[in-house]
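**Q** got a predicted structure here, sequence first:
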Amino acid sequence: MAEATLEETGEDQKDMLARFFDRFGLAFVMVASYFGSGSVFIMSSAGVQFGYELLWLVGLAVLIGIMAQDMSARVGIFGDSLGQFTRRKLGRTGATVLLGFVSVGCLLWGLELTAAVGLGTQILLESTLGMSVGWMPVAVATGFLAAGLGILQYRLIEYVMTAMMVALFLAFGVVAAVSNPAPLSLLRGAFPGGTVLSPGGPALAAAILGTTALWPNFFLESLFVGEKGWTGPSDLSDMRFDLSMGYGLGGLASAAILVATAAVLRPAGITELESFITPGRALTDVLGTWAMLLFLGSTVIAAFNSIIPILWCPAYILQEAWGRAIQSSDPQKAGGSFRALFIGLCLASGLSPLVHVFGGLSVLDMVVLFPAWNGVFGLPISAALLFWAVNDPETMGGHENSPWLNAANITLVVLAIGLSILSAQDVLSAILGGGL
């Protein structure tokens, strides 16, 4: 009887999990896609370089992400996907040029993520098994693995990505809680200051915004609302509750990383990330040496998690630009052309060793600079398209933005363009000049 009860309890828990993800869970995938190695190292860089001074920007980036995802979901619910909107308004050539350009940013993300998986795996194997494996072959293999797993069932990927985001949040959350950050310093960091204009500040601000308000999610959310059955006004409350849960957890995790590194590493005299494992020292100093293994393992898996949804985006939107019908928003059912394009992008992302050899960029350079590229170029373009779509009567059918929503949404566009102008030169100089 007891065994039967345990089995029934396990089945009930599975059913509850399935019901939760049937109704919600989309925002967890969207947030987990940005919460990879880029977020870990960018938030860590902010913590060691500027203490708590950019904490306000993390909160603002989360609010912008929620606002943008809300617009994207409404475009998908009341009209069509953002990619289809772009094709309809700009035509095949215009949409191909514009969406092709922003898709370059997705490939850059893929390159830095395979590099992060490669280096993290190298360090992890050396420290645990004493195996000497270079990061470059692992990065290439990661591209192949992502190509295979990325066309599995959407639900499986949803579960895995959510679990890893929660694990990272708990790890850094514990460190942030027990590291006793100064309350007054935290309070000052919650309000904007002049730090963002300091040397290195604009590029880091663009990276924070680019890795949090992740522009590929603007396109994916408008496609994936169909997977949740969100089709009308009555579904808006569920969609917004989903966004609040997902981005709430993601924002807390980002803030925890910044606070943990500012409270533990900065007082120890560390003011820049000297190596790939530097952020893990914040965990190790508080929790012990085993925490470094937790950090490396979590970072590797989080980086791998992010590859799949980020490279889904160009595989979808380039087809839409070319006028091809997408059979389903479920990657497993999206059709052969989607799979071919996605696999090609994954394999190309595994070529990060070539970026290191010929471009002179270290793995850490790629992890910080390539999200910054997307903050400079991909985010402003996508934000402008999204604002256009959500105010287009033909698309929204009477469900356009209200005046107060427009006032808030304009903030996204203006801020994205402003940060792009401020940081473009720094970001481009670093990428073309061989690193930070």
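**A** Received the coordinates, thanks.

**Q** can you give me the helices in the stretch 151-300 of the chain?
**A** Read by DSSP state H, counting those that start in this stretch, the stretch 151-300 of the chain holds these helices, from start to end of the chain: 154-178, 183-189, 201-212, 216-224, 236-264, 280-287, 290-321.

**Q** let me see the mean pLDDT of the first one.
**A** What it means is helix 154-178. What helix 154-178 shows for mean pLDDT is 70.

**Q** stretch 100-119 too?
**A** Along stretch 100-119, the predicted confidence averages to a pLDDT of 92.

**Q** go through that stretch and flag the buried ones.
**A** The neighbour-count criterion (16 or more other Cβ atoms under 10 Å) identifies 102-103, 105-119 as the buried residues of stretch 100-119. Using the backbone N, CA and C atoms, a C-beta is placed for each residue, glycine as well.

**Q** repeat that for stretch 261-275.
**A** By neighbour count, with 16+ other Cβ under 10 Å as the criterion, the buried positions of stretch 261-275 are 261-266, 270, 273.

**Q** just put those residues in TSV and tack on pLDDT.
**A** TSV is the format used below for the buried residues of stretch 261-275 (pLDDT from 0 to 100):
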residue	pLDDT
Thr261	82
Ala262	84
Ala263	82
Val264	80
Leu265	79
Arg266	81
Ile270	77
Leu273	72
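
**Q** pLDDT averaged over stretch 39-57 - what is it?
**A** For stretch 39-57, the mean pLDDT works out to 85.

**Q** CA atoms only: put it into PDB for me.
**A** Backbone C-alpha positions of stretch 39-57 (Å, rounded to 0.1, in the frame of the first residue of the first chain) are rendered in PDB as follows:
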ATOM      1  CA  SER A  39      24.500  37.100 -17.400                       C
ATOM      2  CA  VAL A  40      26.700  35.500 -14.800                       C
ATOM      3  CA  PHE A  41      29.900  37.300 -16.000                       C
ATOM      4  CA  ILE A  42      28.300  40.600 -16.900                       C
ATOM      5  CA  MET A  43      26.600  40.900 -13.500                       C
ATOM      6  CA  SER A  44      29.800  39.800 -11.900                       C
ATOM      7  CA  SER A  45      31.800  42.400 -13.800                       C
ATOM      8  CA  ALA A  46      29.300  45.100 -12.600                       C
ATOM      9  CA  GLY A  47      29.800  43.900  -9.100                       C
ATOM     10  CA  VAL A  48      33.500  43.900  -9.000                       C
ATOM     11  CA  GLN A  49      34.000  47.000 -11.000                       C
ATOM     12  CA  PHE A  50      31.300  49.300  -9.600                       C
ATOM     13  CA  GLY A  51      30.100  47.600  -6.400                       C
ATOM     14  CA  TYR A  52      26.300  48.000  -6.000                       C
ATOM     15  CA  GLU A  53      26.200  51.200  -8.200                       C
ATOM     16  CA  LEU A  54      24.500  49.500 -11.200                       C
ATOM     17  CA  LEU A  55      21.900  47.600  -9.200                       C
ATOM     18  CA  TRP A  56      19.300  50.100 -10.400                       C
ATOM     19  CA  LEU A  57      20.100  49.200 -14.000                       C
END
